[in-house]
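>>> coords please:
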Amino acid sequence: MGMPQLIVTAVLVEGRTKSEVAREYGISRRWVITLVQRYLAEGDAGLAARSRRPRSSPGRTADTLEDEIVQVRKDLDKHGHEAGAATIAFHLQQRHGTAPAVSTIWRILSARGFVTPQPHKRPKSSYLRFAAEQPNQRWQTDITHWTLADGTDVEILHWLDDHSRLLLASIARRVFKGPDVEASYRRIAARHGDPASVLSDNGAVYTGRYRGQGRVALEVTLHHRGVVFTHSRPYHPQTCGKVERVHQTVKRHLATQPRARTLAQLQHQLDAFRGYYNALRPHRALHRQTPQQAYQARPKALASGQPLIGGHYRVRHDTIDANGKITLRHNSRLHHIGLGRRHRGKTVLILVHDLHIRIITTSGQLLRDLELNPDRDYQPQPKP
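Numbers count the residues shown, from 1 in each chain. Here you go, the predicted model:
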């Protein structure tokens, strides 16, 4: 026998007062009266547990709106776009001029089975975010890989504004060489102006520091224009986290598209996504602004316009080959310098100051003093 039956029995069979029964069982007198009235009207059925759900919910989200929320979620997922509750709210706001609260959309998605609980995931509040204060204050750049329909591996170069997350360029090529990266920078700078600084990893197209190659083409251009060029710590991609995240976002979108058969088709897909990403997709880190809105909202930072260094210096050890030549890389291009076969096999020191080259033996004998011609591969010996 449950408590409702005990209460009714105490009142109707034992003849105890409703107030006395209410005190004994620790409930309100009103509830005792209600139970007795239900029993007298319906019998034992009146004492069964009843739903506490209200007869009507004026504030409940309409079924049609719930269906639309689900459809927007499916459409965003289908095209590989970010599909969180805040993004869905943004799209509904664009369509109708109003949208449910983000928390409401999240509850609807959870009830429909679109949210997977992640109780052990690190909370976003624990992350430390670093962002430039102005557009063009710092650009990030990096290269990632993708595969065409026939299995051909290609590369995708991204340039990103650190402050606004504006995707400045998304370019596909079979392989990017130093001059290709430098040429892409010139095209972007022609549209947006030179940034105050550029951040990249230590790839061979970005720096020759760890390979004894001197400065690559992009370093020469940036230093000449007064743009500070910095590099992440080796094996620490988190430093370039924003452009690394863009790699993931782009690949997620490409995975939802028909696999491109050619570079031209892949470039078309990249261009379409860049238009959506920059102008239509609200960014969570930008308080739901689009990158284009954030880029245009503040004054742009500027490069100094003055060369940052007075010259480039390096010393290299090399051995003269059987044909009497040595090689030297300048501005991402390999040059051959003639010294004569009579010197073949000798170990030499190459002293470099920009284009001025001095080649001496380990004993200090000067073999050649020249001004490098960057337009020529082979630097012949001067005629007697």
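
>>> For the residue positioned nearest the centre of the chain, which three-state class applies?
Centroid-nearest residue in the chain: Arg245, 2.5 Å away (criterion: Cα atoms, centre = their mean). Of the three states, Arg245 takes helix under DSSP: H, G, I helix; E, B strand; the rest coil.

>>> in this structure, which helix or strand is least confident?
strand 313-319 (a mean of 79; mean pLDDT, DSSP states H and E).

>>> Kindly export it (C-alpha atoms) in CSV.
Output of strand 313-319 as CSV, limited to C-alpha atoms (Å, rounded to 0.1, in the frame of the first residue of the first chain):
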residue,chain,number,x,y,z
TYR,A,313,76.0,37.5,-43.9
ARG,A,314,76.9,33.9,-43.8
VAL,A,315,79.9,31.6,-44.0
ARG,A,316,79.8,28.2,-45.7
HIS,A,317,82.3,25.3,-46.0
ASP,A,318,82.3,23.5,-49.4
THR,A,319,84.5,21.3,-51.6
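
>>> So which residues make contact with stretch 232-243?
Applying Cβ atoms under 8 Å, 6 or more residues apart in numbering, the contact partners of stretch 232-243 are 140-142, 158, 160, 162, 165, 199-202, 210, 244. From N, CA and C alone the C-beta is placed, and that goes for glycine too.

>>> buried ones in it?
Of all the residues in stretch 232-243, those buried under the rule 16 or more other Cβ atoms under 10 Å are Ser232, Thr239, Cys240, Lys242, Val243.

>>> Also stretch 276-295?
Neighbour-count burial for stretch 276-295 [16+ other Cβ under 10 Å]: 277-278, 281-283, 286, 289-295.

>>> from those, which single one is nearest His79?
His79 has its nearest neighbour among those in Arg281, at 10.6 Å by Cβ to Cβ.

>>> before we move on, the earlier item: and the buried residues of stretch 276-295 as CSV, adding pLDDT, distance to Leu254 and secondary structure?
Output for the buried residues of stretch 276-295, formatted as CSV (pLDDT from 0 to 100; distance: Cβ to Cβ, whole Å; DSSP: H, G, I helix; E, B strand; the rest coil):
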residue, pLDDT, distance to Leu254, secondary structure
Tyr277, 90, 12, helix
Asn278, 92, 17, helix
Arg281, 81, 15, coil
Pro282, 81, 21, coil
His283, 79, 19, strand
Leu286, 70, 23, helix
Gln289, 86, 25, strand
Thr290, 89, 21, coil
Pro291, 90, 19, helix
Gln292, 91, 21, helix
Gln293, 91, 25, helix
Ala294, 90, 24, helix
Tyr295, 92, 24, helix
